[in-house]
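J.: Take a look and give me a structure for this.
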Amino acid sequence: MTLTPTQMLERLVAFPTVSSRSNLELMAFVKDTLAQCGVTATLLPDPSGEKANLYATVGPMVEGGVVLSGHTDVVPAEEDTWSAGPWALTRRDGRLYGRGACDMKGFDALVLAAVPAMVAAGLAVPIHIALSYDEEVGCRGAPPLIAAMKAALPAPRAVIVGEPTRMRPVGGHKGSFSFHTHVTGHAVHSSRIDIGVSAVMTAARLITWLEDRMAANARAADPASPFVPPYTTIHCGMIQGGTAANIVSDRCRFVTDMRVVPPEDPEVILAEYERHIREVIEPEMKRKHAGAGVRIERRSDVAPLMPDPGGGAEALFAALGVGEAPAAVSYGTEAGLFQRAGWPAMVCGPGDIAQAHQADEYLEESELAKGERFIARLIAHLAA
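T.: The predicted structure is shown next:
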């Protein structure tokens, strides 16, 4: 059974693959869809067995092919904030509404709907399909997927990661690096804070240090940088701590998210932060209570995508007649992980990143059509 991209997107959106849930039903659908076209897919379960990556090859098993890569997970959808249900594709005024329609099941649908055409084309070099889990929570699925593909597949000439770019090529993006800071204080009645150690107030000092470090990054920014903003940002978006207004808090935790301008190394900032903790913050804490302290727990490390003028990915887009110079963006994708593994990568997919993670997320039908034409050009080029 051949499905149009819109019909395929309707099927994919119906699977509520929020990162906290399993994606196995969607992957079973994809595997069956590929099998109907005579294409064998490999499933790679995660350690829990509740999620899986998938890869498949259409065409000869030779070098010089192209990887089309997407993720299957989506961010949560609070149904009462949606005009219509997030898990059923709704067509209205030239837009296709549904959670993940833009980020990024639209691209996944384009690829899967094109498999019959790929099979019929008699490809000279292969198209490899790669679908991951847990991109939205730190690109956790991509590293084992990439490792498995590198071990099993001939090297491709390029990887196209189909995050929404309005089908414009993106050849550079910031890296993403995040960590938890756990602060252990010493609880006493608030009237005797002089003998207690406030975890919440200590966390506030640490957050201020991180904000000051970001301000230093901004002052040193290269005005010629293609990124907006043109410096490494440091953001603390979640904090938990304390039990009551009149108790000096003994526990506090917050998350720090860094968006790193390549080729800067986030480890340098993390080392400065840890040194400040060990040399300035902890000695004050421990003078009041020996058990007080600070612990850092790494959360995610997503590689940046480094611009690669003249590389394999850029050459592919030129061969496809895309004359637009690759842009640089501040959000992260799995493309940097493919590049880190030695495979040239570019980001290009239908839709606008501004729709990502929004209530009433949508993909314009015109964007889906542009993506369909692009995939058709790619198939024709690889069959030549």
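
J.: Run through the residues that contact the residue nearest to residue 311 when sequence neighbours are not counted.
T.: Excluding the flanking residues, the one nearest residue 311 by C-beta to C-beta, 6 or more residues apart in numbering is residue 344, at 4.6 Å. Every residue, glycine included, has its C-beta placed from N, CA and C. Contact partners of residue 344, counting by C-beta atoms under 8 Å, 6 or more residues apart in numbering, are 157-159, 308, 311-314.

J.: One more: residue 139?
T.: Neighbour list for residue 139: 132, 176, 300, 302, 332, 334, 337 [criterion: C-beta under 8 Å, 6+ apart].

J.: for residue 370, what are its contacts?
T.: 166-167, 350.

J.: who's in contact with the nearest residue to residue 73 once chain neighbours are set aside?
T.: Once flanking residues are discounted, residue 73 sits nearest to residue 19: 4.4 Å by C-beta to C-beta, 6+ apart. The contact partners of residue 19, by C-beta under 8 Å, 6+ apart, come to 73-75, 133-134, 136-137.

J.: And residue 102, by the same measure?
T.: 164, 350-352, 355-356, 361-363.

J.: Whichever of these end up buried, select them in PyMOL.
T.: Remark: buried members of these, expressed as a PyMOL selection using 16 or more other C-beta atoms under 10 Å:
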select buried, resi 164+350+351+355+356+361+362+363
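
J.: just curious, which of the contacts of residue 102 is nearest to residue 119?
T.: residue 350 (22.5 Å; C-beta to C-beta).

J.: Pull up the gap between the closest one and residue 256, please.
T.: 32 Å (C-beta to C-beta, to the nearest Å).

J.: do residue 300 as well
T.: Distance from residue 300 to residue 256, by C-beta to C-beta: 11 Å.

J.: Which residues are in contact with each of these two?
T.: residue 178.

J.: more neighbours, those two?
T.: Neighbour totals were compared for residue 300 and residue 256, and residue 256 leads with 22 against 15 (other C-beta atoms under 10 Å).

J.: So in terms of bridging, what pairs with the more buried one?
T.: Assessed by DSSP bridges, residue 256 has beta-bridge partners residue 179, residue 236.

J.: from what I can see residue 217 touches residue 235, true?
T.: No: contact criterion C-beta atoms under 8 Å: residue 217 and residue 235 do not qualify, at 11.9 Å.

J.: Now for these two: what residues contact both?
T.: With C-beta under 8 Å, 6+ apart, residue 217 and residue 235 have no common neighbours.

J.: Give me the more crowded residue out of those two.
T.: residue 217 (20 against 14).

J.: what's the more buried one sitting at in phi/psi?
T.: When read as degrees, to the nearest 10, the backbone of residue 217 gives phi -60, psi -40.

J.: which residues does it contact?
T.: 231-234.

J.: So it versus residue 234, what's the distance?
T.: Applying C-beta to C-beta, the value for residue 217 to residue 234 is 7 Å.

J.: just residue 178 next, same as before
T.: Distance from residue 178 to residue 234, by C-beta to C-beta: 10 Å.

J.: who touches both of these two?
T.: Contacts common to residue 178 and residue 234, judged by C-beta under 8 Å, 6+ apart, are 256-258.

J.: quick check, nearest of those to residue 49?
T.: Using C-beta to C-beta, residue 257 comes nearest to residue 49 of the shared contacts of residue 178 and residue 234, at 29.1 Å.

J.: State the number of residues packed around residue 58.
T.: 25.

J.: For residue 19, grab phi and psi.
T.: Torsion angles, degrees, to the nearest 10, at residue 19: phi -60, psi -30.
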